[in-house]
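In: predicted structure and sequence below. I'll ask about it afterward.
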Amino acid sequence: MSSVIPQTRFSVLDRSRTRKGHDAPSALRDTVGLARQIEHLGYHRFWVSEHHSVPGVAGSAPTVLAAAVAAATSTIRVGTGGVMLPNHQPLVVAEQFGVLESLFPGRIDMGLGRSVGFTNGIRRALGREKEAAGDFATQLMELLGYFTGDQSAHPQVHAHPAEGLKPPAFVLATGAGAQVAAAAGLPLVIAAARGEDEMLRAVDGYREAFRPSPWGERPYVVLSGSVTVAATTEEARRLLVPEAWASVYSKTHGAFPPLEPVDEVLARPMSDRERALYEEALRGHLFGTEEEVADGLEKVLGRSGADEYLVATSTYDRDALSDSYRRLARLAGLPRTGT
């Protein structure tokens, strides 16, 4: 059987994770620096994310950060994974992406999610309620209409310079996201580690319900998940440790912390509950040597038929993260650019 990896695009999502001993501005600069490396390694896209009032994440304004990334690179596609549409007015989002597409034509992706702020305090500060996520489909159609000039929500309002432009739009599959993407004729971004059976059912349902639109003629599936590649299996697994512990801490303390060095996490005494959550957080990721990760990718890509893999890995050691992306690019046969 022929390999599916050469037919698959590989891209990167970076959440601008803060690290113990380093401040948030450093995390943002690290994201821009990583984008340059990722472009050189031949990846297809580089996306940034939106989180509000999270101590461990500096990426709170994705369109602003995307502009900085696009300005620091020259060929890679740049976008958001994603802008959380319920947190914003569609007109403002259209204007922001209109500006991005005007400044960096043909390089901007509009990744859109339906999550709202995760605490009552954040939602109040954003002027949104938890129920706002239920209006995602309506907000999405209003947003797309500002680009096409064909929307009924505010027929006398025009989004300049967005109208007439067409940055590709993607829907992040949280909750009913897959059905919304299918109905709108948009590409789907779905977590590879959400439970394979559940993921495959969502992908199949998306493909069956997909309606061609001016934004997409056929279904397009992007799997997203952590992938770490190292010289040994154990080294690759260690790269997952800082994020796994941050997940444990968030569930036991109600706050997502900066990433800590691997050895500090491994030396930490854990309660039985923390240990169980930690082991759970380490499951469902692709990690190992190049050969092991290639085998894992072949399986998940073969079963899902995905068109693209969006790698969203966070770890404390930036050099080890860069090496992991280099090894993944090599096993995927990505074409290097520049010098």
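Out: Arrived safely, thanks for sending.

In: only C-alpha atoms from now on, for both contacts and neighbour counts.
Out: Will do.

In: what's the neighbour count on residue 148?
Out: Neighbourhood size, residue 148 [other CA atoms under 10 Å]: 16.

In: need the contact list for residue 42.
Out: Contact analysis of residue 42 by CA atoms under 8 Å, 6 or more residues apart in numbering lists 329, 334-337.

In: which ones are touching the residue most central in space within the chain?
Out: Central residue of the chain (CA atoms, centre = their mean): residue 81, 3.9 Å from the mean position. Contact analysis of residue 81 by CA under 8 Å, 6+ apart lists 13, 47-50, 111-113, 172.

In: avg pLDDT for the helix or strand residue 13 falls within?
Out: Using DSSP states H and E, residue 13 sits within strand 9-14. Average pLDDT, strand 9-14: 98.

In: and it, what does it pack against?
Out: The elements that strand 9-14 packs onto, with contact taken as 3 or more CA pairs under 8 Å, 6 or more residues apart in numbering; DSSP states H and E, are strand 45-48, strand 308-311.

In: how about residues contacting that strand?
Out: The contact list for strand 9-14 (CA under 8 Å, 6+ apart) reads 31, 38, 43-49, 81, 307-314, 332.

In: state the paired neighbours of that strand in the sheet, together with their directions.
Out: Paired neighbours of strand 9-14 in the sheet (DSSP bridges): strand 45-48 (parallel), strand 308-311 (parallel).

In: gap between the following helix or strand past the last one and the chain center?
Out: Later in the chain than strand 308-311, the nearest helix or strand by DSSP H and E is helix 318-332. Mean C-alpha position of helix 318-332 versus that of the full chain (CA atoms, centre = their mean, to the nearest Å) differs by 18 Å.

In: just want the angle from helix 318-332 to strand 9-14.
Out: Put simply, helix 318-332 runs at 170 degrees to strand 9-14, going by axes from the mean of the first three to the mean of the last three CA atoms, to 10 degrees.

In: start at 228, not 1
Out: Taking 228 as the first residue, the last one we looked at is helix 545-559.

In: helix 545-559: which residues count as buried?
Out: Buried residues in helix 545-559, counted by 16 or more other CA atoms under 10 Å: 547-548, 551-556, 558-559.

In: please apply the same query to stretch 509-526.
Out: Buried residues in stretch 509-526, defined by neighbour count with 16+ other CA under 10 Å: 509, 512-517, 520-521, 523-524.

In: format the residues you listed as a markdown table; extra columns: distance to residue 425 and pLDDT.
Out: Listed next are the buried residues of stretch 509-526 as a markdown table, based on distance: CA to CA, whole Å; pLDDT from 0 to 100:
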| residue | distance to residue 425 | pLDDT |
| --- | --- | --- |
| 509 | 19 | 95 |
| 512 | 16 | 95 |
| 513 | 17 | 97 |
| 514 | 21 | 98 |
| 515 | 24 | 98 |
| 516 | 27 | 98 |
| 517 | 27 | 97 |
| 520 | 22 | 98 |
| 521 | 23 | 97 |
| 523 | 18 | 96 |
| 524 | 18 | 97 |
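
In: between those residues, which sits nearest residue 491?
Out: Checking these against residue 491 with CA to CA, the nearest one is residue 509 at 16.6 Å.

In: residues contacting the closest one?
Out: 467-468, 471.

In: ok, those residues vs residue 233, which is closest?
Out: Nearest to residue 233 among the contacts of residue 509, counting by CA to CA, is residue 467 at 25.6 Å.

In: and that closest one, how many neighbours?
Out: The number of residues packed near residue 467 is 24, by other CA under 10 Å.

In: list the residues that contact it.
Out: 455, 509, 541-542.

In: cool, residue 475 as well?
Out: 501, 504-505, 508.

In: can you list contacts of the helix or strand harbouring residue 526?
Out: Element membership for residue 526, per DSSP H and E: helix 517-531. Helix 517-531 is contacted from outside by 230-232, 427, 430, 454, 456-458, 513-514, 554-555, 558-559, using CA under 8 Å, 6+ apart.

In: mind checking which of those residues are in helices?
Out: 427, 430, 554-555, 558-559 (DSSP state H).

In: and the helices in the chain?
Out: Ranges of helices in the chain, per DSSP H, are 251-268, 289-299, 317-330, 347-353, 363-375, 404-411, 423-436, 460-465, 468-480, 489-493, 499-508, 517-531, 545-559.

In: and the ones you listed, which one is worst for confidence?
Out: Across these, the lowest-scoring stretch is helix 347-353, with a mean of 79.

In: okay, how far is it across stretch 232-244, tip to tip?
Out: From its first residue to its last, stretch 232-244 covers 28 Å (CA to CA, to the nearest Å).

In: right, I mislabeled it, should have said stretch 326-340
Out: Using CA to CA, first and last residues of stretch 326-340 are 20 Å apart.

In: buried stuff in it?
Out: By 16+ other CA under 10 Å, the buried positions in stretch 326-340 come out as 326-329, 331, 333-340.

In: for residue 540, give me its contacts.
Out: Residues in contact with residue 540 (CA under 8 Å, 6+ apart) are 240-241, 452-455, 548.

In: which residue of the protein lies farthest from its centroid?
Out: Largest separation from the mean C-alpha position in the chain: residue 383, at 34.0 Å (CA atoms, centre = their mean).

In: separation between it and residue 499?
Out: Taken as CA to CA, the span from residue 383 to residue 499 is 60 Å.
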